[in-house]
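Visitor: Sequence below, structure please.
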Amino acid sequence: MSVTNSNAKSAVKTSRKAKNAASASNTVLSAVLAQTEEQHVPLSALVKSPQNVRIVPYSAESVRELADSIKGIGLLQNLVVHALPDGLYGVAAGGRRLAAMNLLATENTIHPDWPVRVKVVPDNLAPVILEALAADKITTEHCQALALEDNPDRQVQVYEAACREGCNNKPEVRVIRNLITDSQVSPLNNSKYTFVGEKAFSGDEIRADLFSDEQGGFVDKLALDTALLEKRQWVAECLKEAEGWAWCAGRMEPVSRYGEDTEVYRIQDEPDAVYTEQEQQRLDELQELYDENQTASDETDTMESEIEAIECAAQLRAWTLCLNVFSSGAYNRPAQISLNCKHYSLTKDAPSGESGVAFVTLSQEGKRLETLLPEGWTQDFTTFFTLSAKDLTALLSFCTACSLDGMQMRGAGGTTRSPLDKLEIALAFHLRDWWQPTKADFFTGLKKPQIIAALNEAGLTGAARDAEKMKKADAAELAEDKMRDNRWVPVWMRAPDAEKDVSDTENGSADADSHHTLPDAA
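Guide: Presented below is the predicted three-dimensional model:
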């Protein structure tokens, strides 16, 4: 026969509601039984529990049907048993399965010692409890909780009380455990029990709960208090003998200067310490050092508080500015700081557009810094407290750079002043680090005399004379080529107080080009 543990398909159709109810019941029961260790015992050691009060026998048809199922696919569900004398086990739940297996044994289909999967519940349970277990009114977890009580009559009282408190007369394991251990305390993290020690109690005085997470079980409150008084008095007597006191008394709390203790005890003031001359001198030296360090410590605390305030302000500014640069939308901002990032209009008006070196560099730095922003930063500025000073400074600098707008307009009336002039001087900013004058974006927009003047201003007098002989387009192309390796910037594009940069060819090195033969302008 097969002894595999697999699920058999039912040949009987049931309603959806019945299936759901059965599924829920099986799920709960499986979860509970899983907490009990499964064992294997021979079939010959299993008998009907003497505490099982079932009178109506199982029908021969149901036993035969179950025997055929076990023969085909094996025993699917374990039995619930309790230990009996002489090595036998009484079956508290699973009587029909036991009858079916005994039928197979009489037919020599299985061996009398065939191993049967069982779960063992405590053997000191009252018959009423086992009857409820056999009727599936309770589970093994209820039995384990009831086993905390050794007295069967008391078990029945607790069970009935838990049923009355439960919904629909169904007891809860938690209620059962509380009813049994109400007059007991757990030794876990109990200062009284720690002081007394486990050896102060006999094995019967400590109630072990083998099926709970509470390690150490429970101990009776009265027994604990009695053991505490005895050990406390013993300690007091030991001190009396060792230190020569006339009397002794033990108590849990120290003597107080208030309340009833004032009527019983006279608490003496602690006498002043008496030191030797050397000890007093050293104490004075240490006190002086302590006072000096305390003053320095107070000053350090003040400076640290000021530094923290400055850092917090910087973090708040950085967070608020980052909302403008890296995010969008309305937020509840504690600081009303804002900036206008005009990259769109600036790149639109710039000849190089978004392909310019400055904008490309700025965009790359923005992408790098955006990866440093903490998760959820848009909703909570305190996330910026996690940033390092280096990253915070980088974010502040980047946001500040995004706010700059110094566009100048040049017309017939001259060039407008730039609000960035002093900033450029302070930063030693040079336009040629980010911009290259070319034929397309600069020289084509000039008149030919202006191109020649630009070459002369850059010290390229030879190239300027060659440009005089060319058409404007050729002169613009020549200017782009000659200006490529110098630092020339039109005077109206420089800060007024900035020193005029000159190229390495200013002293006439470019004049050698004046001897080159170029075609005359047509």
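Visitor: what's stretch 271-278 in contact with?
Guide: L283 (CB atoms under 8 Å, 6 or more residues apart in numbering). Every residue, glycine included, has its C-beta placed from N, CA and C.
Visitor: start to end distance for it?
Guide: Terminal residues of stretch 271-278 lie 20 Å apart, using CA to CA, to the nearest Å.
Visitor: quick check: mean pLDDT across that stretch?
Guide: Averaged across stretch 271-278, pLDDT comes to 82.
Visitor: Please, where are all the strands along the stretch 151-300 of the chain?
Guide: In the stretch 151-300 of the chain, the strands defined using DSSP state E, counting those that start in this stretch lie at 184-185, 206-207, 218-220.
Visitor: lowest-confidence stretch among those?
Guide: Among the strands of the stretch 151-300 of the chain, strand 206-207 scores lowest, at a mean of 66.
Visitor: what's the domain layout of this protein?
Guide: 1-121, 311-403, 423-515 (automatic domain parsing).
Visitor: Identify the single longest helix in the chain, thanks.
Guide: Across the chain, the longest stretch assigned as helix under DSSP state H is helix 277-326.
Visitor: Spell out the residue ranges of the helices in the stretch 351-500 of the chain.
Guide: 357-370, 389-403, 421-426, 448-457, 461-468, 472-483 (DSSP state H, counting those that start in this stretch).
Visitor: can you redo these as JSON lines with mean pLDDT, distance to T276 and mean neighbour count?
Guide: Formatted as JSON lines, those follow (pLDDT from 0 to 100; distance: least, CB to CB, whole Å; neighbours: other CB atoms under 10 Å):
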{"stretch": "helix 357-370", "mean pLDDT": "88", "distance to T276": "66", "mean neighbour count": "13"}
{"stretch": "helix 389-403", "mean pLDDT": "82", "distance to T276": "52", "mean neighbour count": "16"}
{"stretch": "helix 421-426", "mean pLDDT": "78", "distance to T276": "67", "mean neighbour count": "14"}
{"stretch": "helix 448-457", "mean pLDDT": "92", "distance to T276": "90", "mean neighbour count": "19"}
{"stretch": "helix 461-468", "mean pLDDT": "91", "distance to T276": "96", "mean neighbour count": "22"}
{"stretch": "helix 472-483", "mean pLDDT": "92", "distance to T276": "90", "mean neighbour count": "20"}
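Visitor: Make CSV from those and add distance to N78 to it.
Guide: Shown next, in CSV, are the helices of the stretch 351-500 of the chain (distance: least, CB to CB, whole Å):
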stretch, distance to N78
helix 357-370, 60
helix 389-403, 62
helix 421-426, 84
helix 448-457, 99
helix 461-468, 102
helix 472-483, 93
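Visitor: Deepest-packed of the domains of the chain, please.
Guide: For those, the largest average neighbour count (mean count of other CB atoms under 10 Å) is found in domain 423-515, namely a mean of 17.
Visitor: ok but H40 is inside a strand, no?
Guide: Yes: using DSSP: H, G, I helix; E, B strand; the rest coil, the assignment for H40 is a strand.
Visitor: Show me what the residue nearest to it when sequence neighbours are not counted is bridged to.
Guide: In space, and not counting its chain neighbours, H40 is closest to P115: 4.2 Å by CB to CB, 6 or more residues apart in numbering. P115 has these beta-bridge partners by DSSP bridges: P42.
Visitor: Let me know whether P115 touches Q39 as I believe.
Guide: No: assessed by CB atoms under 8 Å, P115 is found out of contact with Q39, at 9.5 Å.
Visitor: List the contacts of the spatially most central residue of the chain.
Guide: The centroid of the chain falls nearest to E375 when counting by CA atoms, centre = their mean (13.0 Å). Neighbouring residues of E375 by CB under 8 Å, 6+ apart: T383.
Visitor: Could you rerun that using 10 Å?
Guide: T383, T386 (CB atoms under 10 Å, 6 or more residues apart in numbering).
Visitor: What pLDDT does the model give it?
Guide: 86.
Visitor: Numbering from 571 from now on, please.
Guide: Got it, first residue is 571 now, which makes that one E945.
Visitor: State the phi and psi torsions of it.
Guide: phi -70, psi 130 (degrees, to the nearest 10).
Visitor: now it: how far from T953?
Guide: 7 Å (CB to CB, to the nearest Å).
Visitor: cool, and D919?
Guide: On the measure of CB to CB, D919 and T953 end up 37 Å apart.
Visitor: ok, residues contacting stretch 822-830?
Guide: With CB under 10 Å, 6+ apart as the criterion, stretch 822-830 contacts S761, K762, F765, L798, L799, R802, D831, T832, V834, Y835, R836, I837.
Visitor: right, so of the helices of the stretch 921-1070 of the chain, which gets closest to S908?
Guide: helix 959-973 (9.3 Å; CB to CB).
Visitor: and the angle from the closest one to helix 927-940?
Guide: In terms of direction (axes from the mean of the first three to the mean of the last three CA atoms, to 10 degrees), helix 959-973 departs from helix 927-940 by 140 degrees.
Visitor: by contact count, what packs against helix 959-973?
Guide: The elements that helix 959-973 packs onto, with contact taken as 3 or more CB pairs under 10 Å, 6 or more residues apart in numbering; DSSP states H and E, are helix 847-896, helix 927-940.
Visitor: elements contacting the last one?
Guide: If I follow you right, that is helix 927-940. Packed next to helix 927-940, using 3+ CB pairs under 10 Å, 6+ apart, are helix 847-896, helix 913-919, helix 959-973.
Visitor: how close does the residue nearest to H610 get to D1011?
Guide: From P685 to D1011 the distance is 93 Å (CB to CB).
Visitor: Could you do A959 as well?
Guide: For A959, the distance to D1011 - CB to CB - is 40 Å.
Visitor: got it, and L957?
Guide: 39 Å.
Visitor: still on that earlier bit, format the domains of the chain as a markdown table; extra columns: distance to V789.
Guide: Formatted as a markdown table, the domains of the chain follow (distance: least, CB to CB, whole Å):
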| stretch | distance to V789 |
| --- | --- |
| domain 571-691 | 24 |
| domain 881-973 | 48 |
| domain 993-1085 | 78 |
